[in-house]
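K.L.:
Quick check, what structure comes out for this input:
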Amino acid sequence: MRSTEVVIQFKAPPFILFRNTGVESLKPNRLVIRIQPEESISLEFGAKEPGATVRIAGVDMDFRYTDHFGSRPATGYERLLHDAMLGDQTLFQRADMVEASWTVVDPILDIWKALPERRFPNYAAGTMGPAEADALLAKDGRTWSPTGKA
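P.N.:
Numbers count the residues shown, from 1 in each chain. The predicted model follows:
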């Protein structure tokens, strides 16, 4: 099954506000934006439980598109096809704008063609990415989280 999401994992605080609470025991705060198959946004963070003792509990704030609106949003292509059938040109570019855009892009493409070929770490579709991506994160002690749950 295909899944697309963006996970922003926040850095740990430089110091701990509550005594006797080790930084290593705290889970990092995360913002998770799911694009497909189910559109949603969640914020995961630690909060102090009410009371005299210092206990940090995980809190999840979730928004799911279908829970709130009762239906799935149309895809971009569905929207464009619908607008085309109605004759609404709002989301379509005029020919003169497309030509103007190419006057900006063409010189960049020409420079790229003139430069010597560089090794770029590409990877096959459907895989988790090149080893260079893992090495980049490992420099800071981080890893990829393919399931969205670290």
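K.L.:
I'd like the next helix or strand past the longest helix along the chain.
P.N.:
Counting by DSSP state H, the longest helix found in the chain is helix 95-114. Using DSSP states H and E, the helix or strand that follows helix 95-114 in sequence is helix 131-138.
K.L.:
Where does the prediction get shaky in the protein?
P.N.:
Residues of the chain meeting the criterion pLDDT under 70: 1, 14-25, 146-150.
K.L.:
The residue lying farthest from the centre of the chain: which element?
P.N.:
Within the chain, the residue lying farthest from the chain centre (Cα atoms, centre = their mean) is Ala52, at 37.7 Å. Per DSSP H and E: Ala52 is located in neither a helix nor a strand.
K.L.:
Please report how far it lies from Tyr123.
P.N.:
52 Å (Cβ to Cβ, to the nearest Å). (Each C-beta comes from the backbone N, C-alpha and C, glycine too.)
K.L.:
From the centroid of this protein, which residue is nearest?
P.N.:
Note on the chain: the residue nearest the mean C-alpha position is Val6, at 2.0 Å, using Cα atoms, centre = their mean.
K.L.:
So the closest residue to that residue other than its chain neighbours: helix, strand or coil?
P.N.:
The spatially closest residue to Val6, leaving aside those adjacent along the chain, is Ile33, at 4.4 Å (Cβ to Cβ, 6 or more residues apart in numbering). At Ile33 the chain is in strand, as set by DSSP: H, G, I helix; E, B strand; the rest coil.
K.L.:
circling back to that earlier point, that's a strand at the residue nearest to the centre of the chain, yeah?
P.N.:
Yes - the assignment for Val6 by three-state DSSP puts it in a strand.
K.L.:
Next up, the contacts around it.
P.N.:
Contact analysis of Val6 by Cβ atoms under 8 Å, 6 or more residues apart in numbering lists Val32, Ile33, Ile35.
K.L.:
From the residues you listed, pick the one nearest Thr75.
P.N.:
Lowest distance from Thr75 to the contacts of Val6 (Cβ to Cβ) belongs to Ile35, with 11.2 Å.
K.L.:
Might one say that the closest one is in contact with Thr4?
P.N.:
Yes - at 4.2 Å, Ile35 counts as touching Thr4 under the criterion of Cβ atoms under 8 Å.
K.L.:
Packing partners of the longest helix of the chain?
P.N.:
The helices and strands touching helix 95-114, judged by 3 or more Cβ pairs under 8 Å, 6 or more residues apart in numbering; DSSP states H and E, number zero.
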